[in-house]
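**Student:** Predicted coordinates and the sequence they were generated for:
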Amino acid sequence: MTATKGLEGIVATTSSISSIIDGVLTYRGINIDDLAENASFEEVAYLLWYGKLPNQSELNELLQQLGEYAAVPASVIDSLKLYPKNTNSMAALRTAVSSLALFDEQANDMSQEANIKKAIKIQAQIPTLIAAFARIREGKEPVAPKAGVSIAYNFLYMLNDQEPDQVAVKALDQALVLHADHELNASTFAARVTVATLSDIYSGITSAIGALKGPLHGGANEAVMVMLEEIGSFANVEPYINQKLANKDKIMGFGHRVYKNGDPRAKHLQKMSRELGKLTGNMELYEMSVKIEEIVTGQKGLKPNVDFYSASVYTTLGIPRDLFTPIFAISRASGWTAHILEQYENNRLIRPRAEYTGPVDQKVTPIAQR
Ligand SMILES: CC(=O)SCCNC(=O)CCNC(=O)[C@H](O)C(C)(C)COP(=O)(O)OP(=O)(O)OC[C@H]1O[C@@H](n2cnc3c(N)ncnc32)[C@H](O)[C@@H]1OP(=O)(O)O
Ligand SMILES: O=C([O-])CC(=O)C(=O)O
């Protein structure tokens, strides 16, 4: 048995949800470029769950369900108030989502009907949890979700307690479309491994949030912003990045396990970053990002991934840096739950092997002689 480090190139499951073929990303066979321009996040979530785009009445029904489920149990909101003020936002989300299961009578109901209902509920409640957490730590009261509005609208509304700007809603909605699913990425794999033991959907999503949190995966969007803040100005980009590359440090938001010729989602986020910069009259983060790309791609051949330009996009939308990865979770909840439902439909325990590299033929030395 020979191990493949990081399971690179290993095909671990079949899936009909999303594909990456020759650098082209599709959800259910529809190119991400088409979806980014022509579909809302709710249409995409429906597509991932049910395998087809919704017609108007199906979409209306989903919006109605999302509105109905968006409020989270008062006990979960109360428990957010007990978290230490400096709690990591992804740790807070991981704990809060896990606690949702305690208040869902159907948490352990493994019927398909109950599981799809829980998928929609989790999708509806994650934005409410993040917005509530963000307000509570600032000493503010959480804002109840609105019915009949999109997830992007509701999240910004609950976060800021005011009607969001249409441009911001559209940009966030498009970002949610772009992050919704991505084949067998680390967090989706974690979700599938967990539920393949026939554990419940909340356990699967809790595992996934834990995996998304790390800076090699979803946590990279926040790490990109940390880097932009450290750089501080356009003039400092070149010396800073050159120093990082000379030190062989990783540049966050660059590189990808699967895409070697560029992430097809990055161009949409770059465009969004440019347009939002123009609209707000502040192009500095965008221009710094473009310069970083020029240097990193020029010197290392590495291309920006989905996390790189999302940092300047979210900052221009006025979103605090440590909510970037939770926003990724809002979007990816659709993909995670779709993969969990697919795993249940055709389940087999996921249990690979390890190549043993430790000592052999060892004996127990009596404790006094160790
Ligand atoms: C939504 C997402 O999860 S997208 C990914 C988000 N993560 C990041 O942006 C973090 C930065 N990027 C990385 O760490 C990596 O590119 C990963 C984790 C995304 C992919 O990693 P892997 O497929 O394991 O590639 P690996 O880390 O082996 O890199 C291969 C080579 O490229 C280099 N490399 C890869 N990414 C970077 C980077 N961002 N900056 C500098 N060098 C890099 C590695 O140092 C390595 O060089 P070496 O062969 O000289 O040792
Ligand atoms: O697929 C991956 O390895 C990481 C990624 O881009 C994602 O999850 O969107």
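**Tutor:** Perfect, I can see it now. Ligands and ions are numbered 1, 2, ... in the order given.

**Student:** Near ligand 1, which residues of the chain are found?
**Tutor:** Proximity of the chain to ligand 1 (CB under 6 Å from any ligand atom) is limited to residues 6, 216-218, 220, 250-257, 300, 302, 305-307. Where C-beta positions appear, they are placed from N, C-alpha and C, glycine not excepted.

**Student:** can we see that at 8 Å?
**Tutor:** Within the chain, the positions adjacent to ligand 1 are 6, 8, 179, 182, 185-186, 215-221, 223-224, 244-245, 248-257, 263, 296, 300, 302, 305-308, 328 by CB under 8 Å from any ligand atom.

**Student:** Helices of the stretch 101-250 of the chain, residue ranges please.
**Tutor:** Along the stretch 101-250 of the chain, counting by DSSP state H, counting those that start in this stretch, helices occupy 112-136, 151-160, 166-179, 186-195, 201-212, 220-231, 237-246.

**Student:** Pipe those helices into CSV and attach mean neighbour count per row.
**Tutor:** Formatted as CSV, these follow (neighbours: other CB atoms under 10 Å):
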stretch, mean neighbour count
helix 112-136, 21
helix 151-160, 23
helix 166-179, 22
helix 186-195, 24
helix 201-212, 25
helix 220-231, 21
helix 237-246, 15
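
**Student:** could you redo those helices as CSV and give each row distance to ligand 2?
**Tutor:** Shown next, in CSV, are the helices of the stretch 101-250 of the chain (distance: least, CB to the nearest ligand atom, whole Å):
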stretch, distance to ligand 2
helix 112-136, 16
helix 151-160, 18
helix 166-179, 6
helix 186-195, 6
helix 201-212, 8
helix 220-231, 9
helix 237-246, 21
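
**Student:** Format those as TSV; extra columns: mean pLDDT.
**Tutor:** Output for the helices of the stretch 101-250 of the chain, formatted as TSV (pLDDT from 0 to 100):
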stretch	mean pLDDT
helix 112-136	98
helix 151-160	98
helix 166-179	98
helix 186-195	98
helix 201-212	98
helix 220-231	98
helix 237-246	98
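
**Student:** Endpoint to endpoint, stretch 277-284 covers what distance?
**Tutor:** 8 Å (CA to CA, to the nearest Å).

**Student:** and it, which residues are buried?
**Tutor:** By neighbour count with 16 or more other CB atoms under 10 Å, stretch 277-284 contains the buried residues 277, 283.

**Student:** contact partners of that stretch?
**Tutor:** 167, 233-234, 274, 285-287, 312, 316 (CB atoms under 8 Å, 6 or more residues apart in numbering).

**Student:** farthest-separated two in those residues?
**Tutor:** 167 and 233 (26.1 Å; CB to CB).

**Student:** Give me the neighbour count for the residue of the stretch 151-300 of the chain with the smallest separation from ligand 1.
**Tutor:** Closest contact between the stretch 151-300 of the chain and ligand 1, by CB to the nearest ligand atom, is at residue 255 (2.3 Å). By other CB atoms under 10 Å, 20 other residues sit near residue 255.

**Student:** start the count at 389, not 1, going forward
**Tutor:** With 389 as the first residue, the last one maps to residue 643.

**Student:** Skipping its backbone neighbours, what lies nearest it in space?
**Tutor:** residue 690 (4.8 Å; CB to CB, 6 or more residues apart in numbering).

**Student:** ok, now residue 657?
**Tutor:** Among residues not flanking residue 657 along the chain, residue 697 sits closest, at 3.7 Å (CB to CB, 6+ apart).

**Student:** Many thanks, I have nothing further to ask.
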